[in-house]
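Trainee: everything below, folded, please.
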Amino acid sequence: MKNFINQFECKEVKAGEVVYDTEQMGNILLFVTAGKLLICSIATPVVEVNEGYFVLLPAEKRHIVTAITDVQTVLMHAGTLSTMITEDPEWNPERPVVLPTFPSLAKTIFLLESYQKEKRSNLN
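Mentor: As a prediction, this is how the structure comes out:
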């Protein structure tokens, strides 16, 4: 797995651009705070993720994440949090499950985005 300075990353991407290539990223949680994404297993579409939803992408499967519309995302490195999900007998790394972001988690994601935007503006 790559050495990441931060445990989360906020990104704004235009429609049609690749948001992430998950090769060598480990298990990640990907939240869509605005827009819509298409997740492909290399070239095969797997699932779409709309605003207000998130997905766990497993380390054992490479995914290419592309913006269908202009998007804002928050990526978190799931680490041990993902263990309880991936050890579930119904877990299928070939078909990631898209889940709604519940309100208290949405607030936390919003705070992370605000924090990162503030840090960027302070650097400029």
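
Trainee: contacts for the helix or strand bottoming out on mean pLDDT in the chain?
Mentor: Every helix and strand of the chain was ranked by mean pLDDT, DSSP states H and E. The lowest is helix 83-86, at a mean of 74. Helix 83-86 has contacts (Cβ atoms under 8 Å, 6 or more residues apart in numbering) with 27, 56, 58, 91, 93. Yep, even glycine has a C-beta here, placed from its N, CA and C like the rest.

Trainee: among those, which ones are buried?
Mentor: 27, 56, 58 (16 or more other Cβ atoms under 10 Å).

Trainee: tell me, what's the model's pLDDT at Phe54?
Mentor: Reported pLDDT at Phe54 in the predicted model: 92.

Trainee: pretty sure it contacts Thr33?
Mentor: No: applying Cβ atoms under 8 Å as the test, Phe54 and Thr33 come out as separate, 9.5 Å apart.

Trainee: specify the local secondary structure of Leu29.
Mentor: strand (DSSP: H, G, I helix; E, B strand; the rest coil).

Trainee: for Ala59, what are phi and psi?
Mentor: phi -60, psi -30 (degrees, to the nearest 10).

Trainee: how close does it get to Ile42?
Mentor: 15 Å (Cβ to Cβ, to the nearest Å).
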